[in-house]
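**Q** Structure for this input, please:
(3 chains)
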Amino acid sequence: MRTEGNRNDSGIKKLLTSNEAIAEAVRIAKPDVIAAYPITPQSPIVERLAEMVGSGELDASFVRVESEHSAMAVIHGAATAGARVFTATSSHGLAYMFEMCWWIAGSRLPAVMAVATRSIGAPWNIHGDHTDIMSLRDTGWIIGMAESAQEAFDMTLQAFAVSEEVNIPFAVGIDAFTMSHTAEVVEIRDVRLPERRQAYRILPGMEVAVNAVTVGDARMRARYDLAVDLEKSAEVIERTDNEFGSHGGLVEKYRLEDAEYAVVMAGGWCGDAKDAIDMLRDEGVKIGMLRLRFIRPFPEKAVKGLPSEILVVDRANTGIRGILGIETSSCGVEVENVVAGLGGLDVDVDNFYRLFRKFVDGKLEKVEWLI
Amino acid sequence: MILPGNASCQGCPISIVMRCLDEISNPVLAIPASCSTVIAGLHPKSAMKVPVVHVPFPSTLAVAAGLSEAYKRLGVKANVVAWIGDGAADIGFAALSASAARKDDLITIVVDNEAYMNTGTQASLSTFWKAKTTTSPTGKTEERRNLALIMLAHKADYVATASVGYIKDLRRKFRRAEEMKGFRFLQIHTPCPPGWKFPSEKTVEVARKAVMSGAWILWEYDGKLRLSKAGEKYALKENRIPLEDYLKQGRFSHLSDEEIRELEQKIDEDWELLLRFS
Amino acid sequence: MDLSPIISKATVASAGETGSWRNYRPAVTADLCSKCGNCILYCPEGVISEGGDSVEIDYRFCKGCGVCKEVCEQRAIEMIPE
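**A** Next comes the predicted model:
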């Protein structure tokens, strides 16, 4: 990202929700085509963008689609033609566009999507957990999860630069309501992104087809290339984050230097967990947190550097275990795994404190649900 | 537009219509899962001399809208063509309706062979009443849906029906769509030899008999609905050929005389309904 | 980036030399042909072109469907078993 000379270090400070911060980042990224369908708690992002397009503050095409499936399909088509694209969704919206998420990744098209992470029914629940965004993990997308409105702003801008460099779509996760609808001070940095670039565009006159029916090893090669490039995108993410934002790359290491106990988590609820870690530190317990800023590519190196006592706290499950619990243990480390906070069930500082105390005291089961 | 040595079946009406794409300048095709996907060529070969964007089944109109919107913004001159069958018109109906309602600048071509042919002739919403398919083995119990009329209700910029049996009329309609801007929609009757169970040389003859018996009505709308010259005389019942002549297909071989009369009545109702809009 | 797994290039014979599918071969009697062009217009394969005394058929790709025979108003085309 070209930030030297473009970055306004004394960026304007505004009080913004993460939804609004993302809309501001998208305005600065100057997308050509935005397509979106409303869903709680994401709607304010695209409402704000629609306002900007309506007032002329943002010169972009805003396509009002009839569903999330079409939202992703519209940006798929627009990206194929060479446009910078953005959409946002949550929960059932992501589930409904799931098919297209595979296609845009498989087509190696750069695209950015914000996901205000929310539970998926049944039963109906509009509140936060990470079930929706975790469903993207097999598709080939880069999946980032912010912890604050500032990080949501920075990560969204970085997402355009990274996605367009590595030809892989990029999802930015923010926790429902506790981030999407909660205002914080955000420094709006006016960054000039590089011009849109991508591996290919489809234009009139070209005698080619993209994504025709494959036989033989083409599908295998396409999937392998995507997997390898997704792993390699870690370097681009680190570099871009260093140039602008500086949130630590794939992970944030919180009080981990001398830690004997490590908590692994992701998303907005890490803030309360950090307060609990501070309380335990005050009591002399050597505990810290590895906050996963990215789920894909998965920060394997950082996990391998953790002390031997690891607790993974998950906000999405697969079967009886947490998804991040499985991901973390796949790196060759032993973990204890707690599933908590589904459907917005509040896990406050005190809850975290008691949970971590139990972990440090060696009283946790291998897998537990905090109900 | 379509290169020889492609994978279409013998006598395939879709490839006849694909040849007519030469009436449209700077086309970019979006094609969903369908017979057309296979005809357009298996990787790494493409049978089309025009760019093709292969897309998932329900997404065609939305991908086409994205292509069109992006070309407009980037200053690229293109005619985006959403090339779908009656199957994609079913599963992608919401996207089709939304695109028509937004008046997206693109051309939708529905090659309507009245069933899901690529998966082995299962009934679609276009399948004729009483027609046998693999999911209506004793004959379909519901009437076909009149898709073009629904598009007219969207006040699309251009709506036309056409037939592979009347290729000059079809090519004229392609040219007309080419000249216009906005949402242009053409539904083309494409009798399918293996799906409908008739010999491959009869494709054009069956298509013509559909028009001559009144079972397929040729019309167009560009603010006003008109019957097309090629088929307007069949508005009068006495000008039509006996319906039995059209129904000489395997999928109708089980019909009783009574059922044929009932079918005739349904066709009369279709005419009556359409002409109310003229 | 290697795009070869997802990009296909236009080529004739994407499904091979489809003339081998044919059971019947269309044969044109030049004397009867009025050069009306119907067979050219309707050939699903696009393998009939103007030429010689009547029309020319590219038998490398003609699948032998018989549509040309049916649309010929002069009955100038016959289907002959291969």
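**Q** going forward, measure contacts and count neighbours with C-alpha atoms only.
**A** Will do.
**Q** Tell me where chain B has strands.
**A** Ranges of strands within chain B are B:27-32, B:45-46, B:52-55, B:79-85, B:106-112, B:158-163, B:183-189, B:219-221, B:225-227, based on DSSP state E.
**Q** For chain C, find the nearest of the ones you listed.
**A** Nearest to chain C among those is strand B:45-46 (4.3 Å), distances taken as CA to the nearest CA.
**Q** Mean confidence (pLDDT) on the closest one, please.
**A** The pLDDT scores in strand B:45-46 average 98.
**Q** right, is it up against chain A?
**A** Yes - contact of strand B:45-46 with chain A (CA under 8 Å from any CA of the partner chain) involves B:Ser46.
**Q** Quick one: end-to-end distance for stretch A:107-121.
**A** In stretch A:107-121, first residue to last residue: 30 Å (CA to CA, to the nearest Å).
**Q** what comes up buried for it?
**A** Buried residues in stretch A:107-121, counted by 16 or more other CA atoms under 10 Å in any protein chain shown: A:107-120.
**Q** Could you point out which of the residues you listed is nearest to chain C?
**A** Set against chain C, the nearest of the buried residues of stretch A:107-121 by CA to the nearest CA is A:Ser107 (7.2 Å).
**Q** Tell me who's in contact with the closest one.
**A** By CA atoms under 8 Å, 6 or more residues apart in numbering or on different chains, the contact set of A:Ser107 is A:Val210, A:Asn211, C:Ile6.
**Q** 10 Å instead, please
**A** When contacts are counted by CA atoms under 10 Å, 6 or more residues apart in numbering or on different chains, A:Ser107 touches A:76, A:79-80, A:101, A:167-169, A:199-200, A:210-211, A:222, A:226, C:3, C:5-7.
**Q** give me the low-pLDDT residue ranges for chain A?
**A** Filtered on pLDDT under 70, chain A yields the residue ranges A:1-10.
**Q** Turn the strands of chain B into JSON lines, columns for distance to B:Thr121 and mean neighbour count.
**A** Below are the strands of chain B laid out as JSON lines (distance: least, CA to CA, whole Å; neighbours: other CA atoms under 10 Å in any protein chain shown):
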{"stretch": "strand B:27-32", "distance to B:Thr121": "17", "mean neighbour count": "27"}
{"stretch": "strand B:45-46", "distance to B:Thr121": "25", "mean neighbour count": "28"}
{"stretch": "strand B:52-55", "distance to B:Thr121": "21", "mean neighbour count": "26"}
{"stretch": "strand B:79-85", "distance to B:Thr121": "12", "mean neighbour count": "27"}
{"stretch": "strand B:106-112", "distance to B:Thr121": "12", "mean neighbour count": "26"}
{"stretch": "strand B:158-163", "distance to B:Thr121": "20", "mean neighbour count": "27"}
{"stretch": "strand B:183-189", "distance to B:Thr121": "16", "mean neighbour count": "25"}
{"stretch": "strand B:219-221", "distance to B:Thr121": "27", "mean neighbour count": "22"}
{"stretch": "strand B:225-227", "distance to B:Thr121": "30", "mean neighbour count": "18"}
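**Q** Out of these, which gets nearest to A:Gly144?
**A** For A:Gly144, the closest of the strands of chain B is strand B:52-55, at 26.7 Å, according to CA to CA.
**Q** Of the contacts of A:Ser107, which fall within the contact range of chain B?
**A** Contacts with chain B within the contacts of A:Ser107, counted by CA under 10 Å from any CA of the partner chain: A:His76, A:Ala79, A:Thr80, A:Val210, A:Asn211, C:Pro5, C:Ile6, C:Ile7.
**Q** Just give the nearest non-adjacent residue to the fourth one, would you?
**A** Once its chain neighbours are removed from consideration, A:Val210 has its nearest residue in C:Ile7; the separation is 4.7 Å (CA to CA, 6 or more residues apart in numbering or on different chains).
**Q** got it, and the fifth one?
**A** If the residues on either side of it in the chain are set aside, A:Asn211 comes closest to C:Ile6, at 4.9 Å by CA to CA, 6+ apart.
**Q** Run a quick neighbour tally on that neighbour.
**A** 21 (other CA atoms under 10 Å in any protein chain shown).
**Q** So which residue is smack in the middle of the chain?
**A** This is for chain A. Nearest residue to the geometric centre of chain A (CA atoms, centre = their mean): A:Gly144, 2.6 Å.
**Q** that's the wrong chain, I meant chain C
**A** In chain C, the centroid-proximal residue (CA atoms, centre = their mean) is C:Val47; its distance is 3.4 Å.
**Q** Would you list the phi and psi of that residue?
**A** Main-chain torsions, C:Val47, degrees, to the nearest 10: phi -110, psi 10.
**Q** wait, which of the strands of chain B is closest to A:Pro299?
**A** strand B:52-55 (32.5 Å).
**Q** Hmm, B:Pro44 and the residue nearest to A:Val210 touching each other?
**A** Yes - C:Ile7 lies in contact with B:Pro44 (CA atoms under 10 Å); the separation is 6.8 Å.
**Q** residues from the stretch 1-150 of chain B in reach of chain C?
**A** So far as CA under 10 Å from any CA goes, the stretch 1-150 of chain B lies against chain C at B:1-20, B:38-53.
**Q** mind redoing it with 7 Å?
**A** B:3-7, B:10-13, B:15-16, B:41, B:43-49 (CA under 7 Å from any CA of the partner chain).
**Q** quick one on the thing from earlier: so for C:Ile7 and B:Pro44, which sits in the more crowded spot?
**A** Using other CA under 10 Å as the criterion, C:Ile7 and B:Pro44 rank with B:Pro44 on top: 23 against 20.
**Q** With adjacent residues omitted, what lies nearest to the more buried one?
**A** Nearest one to B:Pro44, counting by CA to CA, 6+ apart, is C:Ser8 at 4.3 Å.
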